[in-house]
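S.K.: Curious how this folds, go ahead:
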Amino acid sequence: MKGQDFAARTAALDELLGVGRSFDMVGRSLRIGGKQAKLWVVNGYAEDQMLERMIAVWLKIKDLKEVKTAQDFVDGYVSACDASTETERMKAVTAVFSGKTLLIIDGIDGGIVMDAKHFPVRSVEEPDSSKVLRGSHDGFVENIMENAALLRRRIRDTELTLERLQISEESKTDIALCYLENKVDRLLLQELRTKLASIDVHSIAMSQESIAEAIAPKQWYNPFPKVRYTERPDVATASIMEGDILVMIDNSPAAMLLPVTIFRFAEEINDYYFPPLIGSYLQIVRLVVNFLTIFITPLWYLLMKSPDRLNEHLQFLRINEEYFVPLIVQLLLVEFIVDILKLASLNTPNALSNAFSMLGALILGDFAVQARWLVPEVLVYMAFVAVADYAQHSFELSYASKLSRMSLLILIFVADWIGFAIGVVGIVLLIATAKPLAGHGYLYPLIPFNGKDLKALLHRRPISRKNT
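M.R.: This next block holds a predicted model:
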């Protein structure tokens with residue numbers, strides 16, 4: 001943006017910004033102090049009242065004799081809190097696409113970039129997938145600045161750092177690393193910075209998922225999640241205060257929590273809005289339920305393959321009715337039907353959701369049994385599994401459990417007890433060899449062992465001044 005006359009500068013910027021091609025890009029010509037000037041802003045981003053006030057002041061300027069540089073103009077005539085100068089053309093163009101306002105003046109090198117934007121954004125509401133009985137009922141939104149403000153409201157600490165990065169050649173998406181300077185793991189932070197800087201993608205179309213896939217180790221066969229997500233500011237705050245790193249992505253309400261271990265998925269915000277004893281109990285229940293969702297139907301199916309060998313105390317597990325569809329087909333069929341119902345419910349209007357639930361219950365329940373597609377025992381166990389899946393707040397972990405469960409069923413069908421043993425060993429190996437995006441390891445603090453951290457994860461501690 002140096003060494004060209006005003007007409008060439010404005011023409012180049014008009015071409016890059018798409019003035020005339022895009023209906024929402026505004027290029028406004030002005031005369032400020034007897035000099036030609038031009039302002040660019042995206043119409044949907046503009047804070048009209050602020051811009052109108054500043055333009056009214058600029059139009060009254062009689063001369064700019066005392067203004068030698070763009071910084072002089074910023075110091076004397078720009079009332080926006082966030083204003084700076086920019087000499088690199090592409091950085092200025094990116095700033096406009098990010099919602100800022102660009103002003104250039106004839107005879108003054110560089111441009112003036114002002115933050116006078118107001119993004120269209122939904123209200124701050126509690127996330128549907130993570131509700132609490134007590135506590136705050138707000139949630140992150142798609143605006144990274146709004147999300148940063150929600151964090152600042154809760155952490156009024158001089159050590160809090162919100163480090164801004166920009167990735168992707170085309171979308172130039174803004175992301176923020178949020179952490180406490182005095183608690184963050186420096187090696188983890190540097191590792192994360194290096195991985196983010198090495199991302200080689202043209203577009204971050206799916207926000208946090210695109211970033212996670214770009215920096216995740218190449219383990220497509222391992223279903224266990226490598227990252228945790230949250231849309232709750234209180235969860236993000238608690239994680240940051242414990243030394244974790246929060247990764248916020250613009251245009252997404254879901255923030256990434258790092259580092260990740262399998263034990264961190266046992267934590268849930270409701271545990272901390274109840275007394276320590278109740279919180280510890282809820283964590284234990286969640287761990288037991290997660291274990292049962294993987295093994296309850298495979299173990300039952302394994303016992304039903306040889307019902308004559310059942311101990312007299314386990315006779316209640318037997319199927320007393322005659323059935324024609326093999327048990328393995330029934331179990332896998334219900335697994336697929338539950339997923340079909342979940343997918344269908346996402347596209348069901350709220351006004352029809354109750355009717356849809358009743359219809360699904362009738363089809364899966366009474367009709368299926370009467371048609372002898374399913375035996376009642378299969379419905380009982382699969383109903384427990386379907387309900388228990390919702391006790392896990394991580395959708396990724398619940399689907400990892402589902403895939404593990406279905407693999408166990410198939411292995412048992414092929415090789416009975418040997419297949420079950422192979423499946424259990426395989427699941428343990430998948431968990432042990434899972435590589436998180438960054439951090440010590442997926443089984444930390446068990447491997448490598450850290451007794452203090454393991455106790456803190458498995459036992460809800462009282463909130464005290466020492467460990468707050």
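S.K.: only C-alpha atoms for contact and neighbour calcs from this point on.
M.R.: Fine.
S.K.: What score does the residue nearest to the spatial centre of the chain have for pLDDT?
M.R.: Nearest residue to the geometric centre of the chain (C-alpha atoms, centre = their mean): residue 254, 3.0 Å. Reported pLDDT at residue 254 in the predicted model: 91.
S.K.: Residue 144 is in contact with that one, correct?
M.R.: No: using C-alpha atoms under 8 Å, residue 254 makes no contact with residue 144, being 10.4 Å away.
S.K.: So for these two, which residues contact both of them?
M.R.: residue 248 (C-alpha atoms under 8 Å, 6 or more residues apart in numbering).
S.K.: lowest average confidence, helix or strand, in the chain?
M.R.: Ranked by mean pLDDT, DSSP states H and E, the weakest helix or strand in the chain is helix 353-362, scoring a mean of 58.
S.K.: what number of residues lie near the residue nearest to residue 154 when sequence neighbours are not counted?
M.R.: Of all residues not flanking residue 154 in the chain, residue 237 sits nearest, at 7.0 Å (C-alpha to C-alpha, 6 or more residues apart in numbering). Neighbours of residue 237 under the rule other C-alpha atoms under 10 Å: 20.
S.K.: Contact partners for residue 237?
M.R.: By C-alpha under 8 Å, 6+ apart, the residues touching residue 237 are 151, 154-155.
S.K.: most neighbours, which of those?
M.R.: Neighbour-wise, those (other C-alpha under 10 Å) top out at residue 151, 20 neighbours.
S.K.: Give me the distance between it and residue 75.
M.R.: 30 Å (C-alpha to C-alpha, to the nearest Å).
S.K.: tell me the contacts of residue 265?
M.R.: Contacts of residue 265 (C-alpha under 8 Å, 6+ apart): 228, 392, 394, 397.
S.K.: again, but for residue 71
M.R.: 84-85, 112.
S.K.: Please convert the residues you listed to TSV, extending it with distance to residue 13 and neighbour count.
M.R.: Converted to TSV, these look like this (distance: C-alpha to C-alpha, whole Å; neighbours: other C-alpha atoms under 10 Å):
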residue	distance to residue 13	neighbour count
84	18	17
85	16	21
112	13	22
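S.K.: and which of those residues is nearest to residue 30?
M.R.: Checking those against residue 30 with C-alpha to C-alpha, the nearest one is residue 112 at 14.3 Å.
S.K.: helix, strand or coil for that closest one?
M.R.: Secondary structure for residue 112, judged by DSSP: H, G, I helix; E, B strand; the rest coil, is strand.
S.K.: So for it, what's the pLDDT?
M.R.: The model's pLDDT for residue 112 equals 94.
S.K.: secondary structure class for the closest residue to it other than its chain neighbours?
M.R.: Leaving aside its sequence neighbours, residue 112 sits nearest to residue 85 (C-alpha to C-alpha, 6+ apart; 4.6 Å). Classification of residue 85 using three-state DSSP returns strand.
S.K.: Can you give me the separation between residue 85 and residue 295?
M.R.: Counting by C-alpha to C-alpha, the gap from residue 85 to residue 295 is 62 Å.
S.K.: Also residue 226?
M.R.: From residue 226 to residue 295 the distance is 22 Å (C-alpha to C-alpha).
S.K.: Would you mind telling me which of those two has more residues around it?
M.R.: For residue 226 versus residue 295, neighbours defined as other C-alpha under 10 Å are more numerous around residue 226 (24 against 20).
S.K.: That one contacts residue 437, doesn't it?
M.R.: Yes: Residue 226 is within contact range of residue 437, at 6.0 Å (criterion: C-alpha under 8 Å).
S.K.: Now list whatever residues contact both of the two.
M.R.: 216, 260.
S.K.: what about the helices in the stretch 301-450 of the chain?
M.R.: Counting by DSSP state H, counting those that start in this stretch, one finds helices in the stretch 301-450 of the chain at the ranges 327-346, 353-362, 368-370, 376-389, 395-433.
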